[in-house]
Structure formats: structure tokens, C-alpha cells
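**Student:** The sequence isn't on hand, but the structure is:
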Ligand code: MSP
């Protein structure tokens with residue numbers, strides 16, 4: 001196993017615009033970053049994983065105005081959605097940077113001033129086209145033609161004319177240093193084809209880059225010249241420094257900088273492979289090791305994006321299948337350099353065949369047999385025969401290859417290789433027919449050996465899939481009776497024979513449900529119809545509203561409803577009397593946190609019997625992707641006060 005020599009590993013995702021809520025495309029980049037960082041930890045690296053949100057600029061300013069919000073209000077809402085999605089997807093980032101944080105703004109201003117003092121930034125006039133969707137100046141000195149707009153070559157939208165005073169960054173002066181850098185670091189951009197694109201682009205010559213705006217207010221002001229706000233890409237790229245502690249935790253910064261891997265979509269390659277290293281050279285920072293431009297997820301042949309109106313909400317899939325199935329599908333289906341077409345058919349096919357059939361069944365039958373034939377622990381085993389030995393030797397080669405593939409960011413290959421092994425074990429069981437051997441009491445040790453080989457292989461398999469499917473991997477690992485957490489086992493220490501005899505195996509629960517395509521599509525259709533109905537706002541009259549008796553209530557007692565996951569029984573004081581209500585909030589709130597809190601309840605809703613308890617009132621809560629968030633009063637409101 002070839003290991004790169006540096007001990008630290010700093011990995012980043014792009015920071016996402018907050019003009020709209022996250023979709024599958026954003027989830028993809030972050031899942032890749034998470035899988036790589038989990039693998040790197042297993043291989044012994046000290047990892048720092050940074051993600052966050054890009055909150056300034058014209059695009060966010062415009063989007064907030066359209067929604068009747070202040071930009072920061074929109075940002076706060078969308079950040080909440082991103083963080084929530086990352087939690088559901090088990091994303092293990094170390095820091096979430098928001099470009100509206102003062103620590104970021106100060107860092108950007110400092111670098112801007114430094115470049116200005118150094119003479120790399122000068123004042124001028126920009127006259128040309130600007131694409132708000134890409135936040136991109138098409139280029140300086142483009143002759144303004146008859147039309148008031150041009151079609152953006154990148155996104156196909158209209159780019160309008162901008163004519164304003166601005167500060168320029170002397171990008172043209174960095175053409176030579178950039179070309180020299182690419183020559184010395186031919187793997188700076190990956191995949192290789194994208195490196196060539198970048199080199200060709202820079203060879204054609206670079207123009208100085210406008211890096212401030214006077215017509216955009218929502219941005220970081222230039223120190224001493226606050227009519228200018230800093231161009232959103234200059235602002236955003238520096239998150240990779242400020243999010244790592246630049247100017248506020250230099251110890252952290254010095255430990256991890258330069259970035260080992262900037263993971264981005266191919267749409268933003270030029271910003272990361274040309275502008276970014278030029279800014280860094282100018283300011284005297286060392287340069288990142290790799291910029292990896294991954295492909296796009298397409299739907300009906302066009303990029304999944306808000307502006308194309310073809311976004312896929314990951315929550316519909318996550319609610320039915322859980323995080324691991326989505327993580328697996330996105331990383332298994334395509335190599336990370338290429339584009340892929342997202343279809344529910346392909347998704348369900350993969351989940352049913354690879355997860356429910358191949359892996360799920362293997363776990364289920366191996367562990368169930370150990371339970372029923374050995375009461376959960378294999379104590380004695382036969383010598384290995386040729387077939388058994390093959391399984392152990394195959395482990396060695398699979399381990400070597402899986403490591404190599406993860407190292408090279410070929411996540412789909414690492415999974416493919418693991419599935420070859422899963423299928424070998426399935427075949428091994430089919431060939432050896434342990435269920436028949438079990439009938440012969442004299443062959444207990446032979447039976448032990450077969451199930452030992454399968455269990456030891458399963459332990460390795462759960463380890464190999466951990467970067468991509470952490471939840472399922474941990475479950476299998478625990479079912480096998482492993483005590484040490486999976487993350488504490490180093491890749492190099494993983495050995496076939498480390499699976500101990502006498503280890504107590506737990507009864508497994510099915511890991512992946514089989515889902516019928518038609519049922520799923522039907523359910524999704526119903527949910528989308530529901531969402532459209534919600535979008536279409538049906539009005540009620542004020543008189544109808546007045547029929548609801550809403551009151552301030554104080555929670556006196558709260559306890560979990562036995563035998564349920566989600567239900568809490570609450571006793572609430574509504575001024576004139578006490579009422580009992582049952583609410584599905586146990587996953588979000590502990591009963592003890594509720595007592596004494598004041599909230600809004602509706603008291604004239606027809607009572608309903610839930611789990612044998614009469615619920616005589618109902619609380620109100622925000623539904624955030626299926627999670628209930630209760631608005632509590634912060635002022636001291638008397639119980640019973642009318643809410644209207
Ligand atoms: N804010 C900038 C990035 C600044 S980084 C200093 C930006 N944000 S974005 O929200 O528009 O998109 C960010 C990233 O989301 C893309 O680069 C890409 O990694 C990912 N994707 C968005 N749509 C995608 C697909 N349809 N498919 C795959 N990834 C996509 O650009």
C-alpha cells in the first residue's frame with residue numbers, strides 16, 4: 001500500500017449559494033467529500049473537512065428580494081436546510097463556514113488590502129457583460145453590441161451589461177507563474193482532461209479581473225472605499241483560508257494549509273484552477289495540491305439545477321431509503337469525473353439488487369445461521385480446505401485494491417471490488433451448503449469453519465463500505481460482536497484472522513428494505529401533488545380562522561408513551577383547566593426539556609384517541625423536513641391567553 005507522506009489531509013467542498021434549498025447535485029459533492037475524508041481517517045490521516053455557504057452577491061441579493069426577504073434572512077433559512085440535510089446524510093464535516101461571519105469578512109478584507117498595497121489591485125472601469133446566475137464577468141473589454149445582453153456561454157442565461165467603476169486584480173501578470181506551476185504540478189487538476197482544458201485556457205492569455213462591484217450592496221465592503229463591495233467569487237474562494245482559521249486560529253491554519261483536495265463540480269473549475277491559485281500566489285500562500293472537478297448529475301439530459309427547474313429533493317428518497325442507499329447509489333453509479341443520469345428506476349434497481357439482495361441477504365443468512373447452529377458464537381473450526389483458503393486469500397487482494405481505489409478517489413471502483421467479494425462469499429455459501437452440513441452433528445467443526453470464513457469476510461466488507469455507508473457498516477460490525485468502534489481500526493491493521501472465535505454475534509435486523517418501483521413512484525407522485533397543492537395556497541376567510549380556539553398553554557408534565565418511538569404524553573395548563581395531549585415529538589425533544597415551557601395549543605379540535613390516550617388539545621410546530629420544531633414563547637405569557 002503506497003501512502004502519501006504528509007500526515008494531514010485538508011478537504012473542502014464548494015460553499016453553496018443560499019439562493020435556494022439544497023438538491024441532489026449539492027448532496028453529491030458533499031457525499032464524495034465525506035466518503036474520502038472517512039477513508040483518509042481510516043488510513044491514519046489527520047483530516048480537516050470544511051464545507052459551508054456562499055451568502056453574498058447579486059444572485060442571493062436578487063433571490064431574497066424576489067421572496068420579500070432580507071438577504072441575511074434568506075441565508076439563515078437556507079443554511080438551516082443545508083445543515084439539516086448534512087445531518088440526515090451523516091456528513092462528518094469539521095467546520096461549516098458562512099461567508100457572512102465576521103471572521104471571514106475580516107480575513108477577506110485583510111487579504112484584499114494586502115494585494116492593494118502590493119500593487120496587484122488597481123482602480124479602473126469595467127464595461128462588459130455579467131452573468132448573475134454564474135456570478136461571472138464574461139470578460140473585460142468585450143465590445144458592447146447593439147443588444148443589451150449576451151447569452152452566457154456557461155449556463156445559457158442572459159448576461160446583462162455592467163458599466164461601473166471597480167477594482168481590478170492583475171490576473172494577466174500571473175499567466176506565466178500559473179503556467180509554470182501547472183508544468184511543475186501536472187496533477188494539480190484532475191481528471192487529467194480538465195488539466196489540459198485549464199492549460200489551454202491560460203495559454204490563450206488572461207485579462208485582468210474585476211473584483212469589486214458598486215451596484216451590488218450585499219457584499220463585503222472594501223476598507224476605506226465602501227462604495228465598493230468585494231466581488232462574490234473573490235470573497236467566496238477565500239473561505240478555504242478563513243474556514244481553516246486564517247487570521248483567527250493560525251495554529252489550525254498552519255497545521256492543515258495548503259488544501260490537499262478541493263472537490264468541486266466541473267462548472268466552477270476555472271475559478272478554482274485559474275483565479276484561486278493566482279490570488280494565492282499574489283498573497284504569498286502555498287498552493288493546494290489537487291482540484292478535482294467532478295461530473296454532473298443530469299435529469300433528462302440536462303444538469304440538475306434550480307434554474308433548470310428539474311431539481312430532485314433528496315428528502316423524498318431519504319425518507320424511504322435512508323442515507324446509506326442514496327450515498328451508495330451516487331458513488332457507485334458513476335466514476336466521479338463523469339456525468340450521470342439520475343433516474344428512480346436505476347436507483348431502485350441498484351438498491352434492490354446490490355443492497356437488499358447481495359449484501360442484505362449475505363448478512364442476514366450468515367448471522368442467522370451462526371445464531372441458530374451455534375447459539376451466536378462459533379467456538380471451534382476445522383482446518384481450512386482449498387475453497388476456504390481462497391476466501392482468505394481473496395480478502396488480501398480485495399483489501400489491497402479497495403485501498404488503492406479509495407486512495408485514487410475511484411470510489412465506484414472501491415465499491416465494485418467490494419461487491420465482487422460479496423458475491424464470492426454468496427457463491428461460497430451456495431457451494432458449501434452449510435444448511436445441509438448442519439444436519440450432520442459430526443460435522444460441527446466443518447460447519448464452524450464455513451460460517452467463520454463468511455463472518456470474517458463480512459467484517460472486512462463492513463469495513464470496506466464504511467466510508468460510503470457508515471450507518472450500515474457500523475450495524476454489521478456491531479452485529480458481528482466487534483467492540484472497538486470501526487473508526488478506530490486502521491486500514492493497515494485489518495486482518496482476516498482478527499475475527500475472534502467465541503465472539504458473540506447479535507441477531508440482525510434487515511438492513512435494506514426491498515422497495516417496489518411502482519409503489520415508490522406512486523408515493524412520490526402523491527407527495528409532489530401535495531407539495532404543489534401547498535404551493536398553490538388556498539385562502540380561508542377570517543371567520544373560518546376565528547373558529548379555531550388557540551391558546552397559550554404551559555406544559556406541566558411530559559412523559560414518553562411506552563412502546564412508541566415518537567410519542568410524548570403532555571399535560572398542559574390552558575388557564576381554565578388541564579388538558580392531556582399526545583404529540584409526535586420524542587425524536588426532537590426530551591420530556592424533561594418540555595416541562596415549564598409555554599407554547600400555542602389549539603383547544604377546540606375534536607379529541608382523538610392515540611395509543612389508548614385521549615388527546616384533548618394539539619400543539620403547533622414547524623415541519624422541517626419531517627422534524628417538528630415547536631415555537632415556544634420567550635416572554636412570560638399567562639396560560640390561557642388567547643392567540644389570534
Ligand atoms: N457558490 C459557488 C461555489 C463557491 S466555492 C468557493 C457555487 N455554488 S452552487 O451552489 O451553485 O454549486 C456548488 C456545487 O454544487 C457545484 O460546483 C457542484 O459541485 C455542485 N452541483 C450543483 N449541481 C450539480 C449537479 N447537477 N450535479 C453535480 N454537482 C452539482 O457554484
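**Tutor:** Perfect, I can see it now. Only a predicted model underlies this, so the values are computations on that prediction, with no experimental measurement involved.

**Student:** List the backbone torsions phi and psi for the closest residue to the ligand within the stretch 51-200 of the chain.
**Tutor:** Using CB to the nearest ligand atom, the single residue of the stretch 51-200 of the chain nearest to the ligand is residue 54, 3.4 Å away. Glycine gets a C-beta too; all of them are placed from N, C-alpha and C. Here is the backbone geometry of residue 54 (degrees, to the nearest 10): phi -100, psi 110.

**Student:** Please name the residues that touch it.
**Tutor:** By CB atoms under 8 Å, 6 or more residues apart in numbering, the contact set of residue 54 is 14, 15, 16, 17, 18, 60, 99, 232, 235, 236, 239.

**Student:** The first one and residue 32 touch, don't they?
**Tutor:** No - contact criterion CB atoms under 8 Å: residue 14 and residue 32 do not qualify, at 11.6 Å.

**Student:** Find residues that contact each of those two.
**Tutor:** With CB under 8 Å, 6+ apart, residue 14 and residue 32 have common neighbours residue 263.

**Student:** where does the chain dip in pLDDT?
**Tutor:** 1-5, 139-147, 307-311, 527-539, 625 (pLDDT under 70).

**Student:** Show me it divided up by domain.
**Tutor:** For the chain, automatic domain parsing gives the domain ranges 344-498, 539-629.

**Student:** So which residues of the stretch 201-350 of the chain form helices?
**Tutor:** 232-237, 239-242, 250-256, 269-270, 276-283, 314-321, 323-333, 344-350 (DSSP state H, counting those that start in this stretch).

**Student:** and the residue of the stretch 301-450 of the chain found nearest the ligand, backbone torsions?
**Tutor:** Relative to the ligand, the nearest point of the stretch 301-450 of the chain is residue 304 (3.6 Å; CB to the nearest ligand atom). Note on residue 304: its backbone torsions stand at phi -70, psi 120 [degrees, to the nearest 10].

**Student:** my guess is it meets residue 26, correct?
**Tutor:** No - counting by CB under 8 Å, residue 304 does not reach residue 26; the two are 9.5 Å apart.

**Student:** Between these two, which is the more surrounded one?
**Tutor:** residue 26 (24 against 20; other CB atoms under 10 Å).

**Student:** Locate that one within the secondary structure: which element?
**Tutor:** Assessed by DSSP states H and E, residue 26 sits inside helix 24-42.

**Student:** about what we covered before: keep only the contacts of residue 54 that also lie close to the ligand.
**Tutor:** 14, 15, 16, 17, 236, 239 (CB under 6 Å from any ligand atom).

**Student:** okay if I get the residues you listed as JSON lines plus neighbour count?
**Tutor:** Listed next are the ones next to the ligand among the contacts of residue 54 as JSON lines, based on neighbours: other CB atoms under 10 Å:
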{"residue": "14", "neighbour count": "25"}
{"residue": "15", "neighbour count": "24"}
{"residue": "16", "neighbour count": "22"}
{"residue": "17", "neighbour count": "22"}
{"residue": "236", "neighbour count": "27"}
{"residue": "239", "neighbour count": "25"}
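
**Student:** State the pair within these that is farthest apart.
**Tutor:** The two members of the ones next to the ligand among the contacts of residue 54 with the most space between them (CB to CB) are 17 and 239, at 12.5 Å.

**Student:** Run through the residues of this structure sitting next to the ligand.
**Tutor:** 14-17, 25-26, 28-29, 54, 236-237, 239, 264-265, 267-268, 296-297, 303-305.

**Student:** As a quick check, tell me the outermost residue of the protein.
**Tutor:** In the chain, counting by CA atoms, centre = their mean, residue 442 sits farthest out from the average C-alpha position, at 52.3 Å.

**Student:** re earlier: quick check: of the ones next to the ligand among the contacts of residue 54, which lies closest to residue 46?
**Tutor:** residue 239 (20.9 Å).

**Student:** got the buried residues for stretch 358-366?
**Tutor:** By 16 or more other CB atoms under 10 Å, the buried positions in stretch 358-366 come out as 358, 359, 360, 361, 362, 363, 364, 365, 366.

**Student:** List the contacts of the third one.
**Tutor:** By CB under 8 Å, 6+ apart, the residues touching residue 360 are 510, 511, 512.

**Student:** which residues does the first one contact?
**Tutor:** Residues in contact with residue 510, defined by CB under 8 Å, 6+ apart, are 360, 364.

**Student:** Let me know the closest of the ones next to the ligand among the contacts of residue 54 to residue 593.
**Tutor:** Of these, the one sitting nearest to residue 593 (CB to CB) turns out to be residue 16, at 31.4 Å.

**Student:** Got the phi and psi for the closest one?
**Tutor:** Dihedral angles phi and psi of residue 16 (degrees, to the nearest 10) take the values phi -90, psi 140.

**Student:** Repeat that for residue 289.
**Tutor:** When quoted as degrees, to the nearest 10, the phi and psi of residue 289 stand at phi -80, psi -50.

**Student:** so what's it up against?
**Tutor:** Each residue near residue 289 by CB under 8 Å, 6+ apart is listed here: 185, 188, 258, 259, 260, 261.

**Student:** most neighbours, which of those residues?
**Tutor:** Among the contacts of residue 289, the one with the most neighbours (other CB under 10 Å) is residue 259, at 24 neighbours.

**Student:** Okay, that one and the ligand: tell me how far apart.
**Tutor:** 11 Å (CB to the nearest ligand atom, to the nearest Å).

**Student:** Quick check: the residue of the stretch 1-150 of the chain nearest the ligand.
**Tutor:** residue 25 (2.3 Å).

**Student:** for the stretch 351-500 of the chain, what spans make up the helices?
**Tutor:** Counting by DSSP H, counting those that start in this stretch, the helices of the stretch 351-500 of the chain are 361-374, 386-407, 411-432, 434-437, 444-465, 470-479.

**Student:** Buried residues of the second one, list them for me.
**Tutor:** It refers to helix 386-407. Of the residues in helix 386-407, those buried (16+ other CB under 10 Å) are 388, 391, 394, 395, 398, 399, 401, 402, 403, 405, 406, 407.

**Student:** Would you check that residue 600 makes contact with residue 621?
**Tutor:** No - assessed by CB under 8 Å, residue 600 is found out of contact with residue 621, at 9.5 Å.

**Student:** residues shared between the contacts of these two?
**Tutor:** residue 631.

**Student:** Quick check: residue 635 is in a strand.
**Tutor:** No - per DSSP: H, G, I helix; E, B strand; the rest coil, residue 635 lies outside any strand segment and is coil.

**Student:** burial count for it?
**Tutor:** Around residue 635 there are 6 residues (other CB under 10 Å).

**Student:** cool, and residue 609?
**Tutor:** Residue 609 has 9 nearby residues by other CB under 10 Å.

**Student:** so who does it touch?
**Tutor:** Counted by CB under 8 Å, 6+ apart, residue 609 has contacts residue 615.

**Student:** mind redoing it with 6 Å?
**Tutor:** Contacts for residue 609 were tallied using CB atoms under 6 Å, 6 or more residues apart in numbering; there are none.

**Student:** Quickly run through the sheet partners of the helix or strand where it lies, with directions.
**Tutor:** Residue 609 is part of strand 608-610 when elements are defined by DSSP H and E. Strand pairing for strand 608-610, using DSSP bridges, gives strand 613-615 (antiparallel).
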